[in-house]
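> how would this look folded up:
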Amino acid sequence: MSSFGDINRINTNIQALDSQLSLNRINKGLAENQMRLSTGLRINRAEDDAAGYSIATKLNARVAGLEQALANVGDAKSVLEIAESSFDTVMDQLIEMKALATQAANDTLGSTERKFIADQIKALGNDINEIAAQTVFQDYQLLDGEVNAGGNSTFTNAFTLTFQVGERAQDTLGTSISAVNIAALFNTGAVQGVDANGANVAIADITIVQDATNVRGTFNFNDAESGDFRNFIGAIDKAIDSMAERVNEIGVAQSSLSLREVTLSQSISANSSAASRIMDTDFAKEQSESIRLQILQQTATSALAQANNGPQSVLGFLG
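Below you'll find the predicted structure:
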């Protein structure tokens, strides 16, 4: 700042330099203020607030991960809904199969009529296999279980899925979809039915054939009598119970995903709010600051003009 007597020197106009410095600072502040108003961001470069910029960047990265995790949850629910829809269709087939087996267990029918019913039950079993084969999501056959390393010749009991439901590596949710086909629901070989006393019994005349050409299994009825079908009703009941367990597993997984959906939405909102408080401009504050700086700019410009005219007073000494 200028000192006493500086106005008497003309080679170096100290007052003008001070006024120019003040004007430059005001212009810089006004330019930054206009930048914040035009971008809507309080921090436009790291130099504006290095710590705040770093914190906000991490928060934004987390929000991006959470948003993708929320999308993943939606995809996961879609997968389970596809499986559930097929489960409902399979359950309908089993219920119809039970009605037919109950009909065939009645001694009012002859062997020819029972053969017709057996053929219909076999067709229902093949339909169940087709449902399992056609329930596909992104090339995954959801209801066949996982294919063993050896190829398509055998399947495991369940298809395991791991959903990424968070932005951290450990934020996962695992579930398995049990295989749904004739071999999985009734096992292979002689069908294990239930006799009139409630005891488990192998039905020699009703078997499940599984080979390389039919890995999902198919029914084989070998002159089954009414008693065989009576025992077969128990086997169908077991299959229905097994399907009910599968539906329950799907429901539990869907419930967990719905809970994650709510949690993720809340986390996205909270983290976005935190990043906004750091990065975003307070427009009311910035507009007030803009008016202040514009007034200072005008007064600094006036002061600079007066400072530039100051040395002319020295001419009075020469009069």
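> you'd agree I177 is in a strand?
Yes. Counting by DSSP: H, G, I helix; E, B strand; the rest coil, I177 is part of a strand.
> Next, find the distance separating it from F159.
5 Å (C-beta to C-beta, to the nearest Å). (C-beta placed from N, C-alpha, C; glycine too.)
> show me where this protein has helices.
Assigned by DSSP state H, the helices in the chain fall at 14-39, 50-104, 111-134, 182-186, 226-279, 283-309, 315-318.
> ok, of those helices, where does mean pLDDT dip lowest?
Mean pLDDT is lowest for helix 315-318 among those, at a mean of 62.
> just to revisit the earlier point, select, out of the helices of the chain, the one closest to V209.
Set against V209 and scored by C-beta to C-beta, the helices of the chain come closest in helix 182-186, at 9.2 Å.
> what does stretch 66-77 contact?
161, 163-167, 171, 173, 254, 257-258, 260-261, 264-265, 267-268, 271 (C-beta atoms under 8 Å, 6 or more residues apart in numbering).
> Just checking the distance from it to the centre of its chain.
Taking C-alpha atoms, centre = their mean, to the nearest Å, one finds stretch 66-77 lying 1 Å from the centre of the chain it belongs to.
> For that stretch, output the C-alpha coordinates as CSV.
Extracted C-alpha coordinates of stretch 66-77, given in CSV (Å, rounded to 0.1, in the frame of the first residue of the first chain):
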residue,chain,number,x,y,z
LEU,A,66,-24.6,-48.0,-6.1
GLU,A,67,-26.6,-47.0,-9.2
GLN,A,68,-25.2,-49.9,-11.2
ALA,A,69,-25.9,-52.2,-8.2
LEU,A,70,-29.5,-51.0,-8.2
ALA,A,71,-29.7,-51.9,-11.9
ASN,A,72,-28.2,-55.3,-11.0
VAL,A,73,-30.9,-55.9,-8.4
GLY,A,74,-33.5,-55.2,-11.0
ASP,A,75,-31.9,-57.7,-13.4
ALA,A,76,-31.7,-60.3,-10.6
LYS,A,77,-35.3,-59.9,-9.8
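> what comes up buried for that stretch?
Neighbour-count burial for stretch 66-77 flags L66, E67, A69, L70, N72, V73, A76, K77 (criterion: 16 or more other C-beta atoms under 10 Å).
> With distance to G29 as extra columns, can I get those residues in JSON lines?
Converted to JSON lines, the buried residues of stretch 66-77 look like this (distance: C-beta to C-beta, whole Å):
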{"residue": "L66", "distance to G29": "37"}
{"residue": "E67", "distance to G29": "36"}
{"residue": "A69", "distance to G29": "42"}
{"residue": "L70", "distance to G29": "41"}
{"residue": "N72", "distance to G29": "45"}
{"residue": "V73", "distance to G29": "46"}
{"residue": "A76", "distance to G29": "51"}
{"residue": "K77", "distance to G29": "52"}
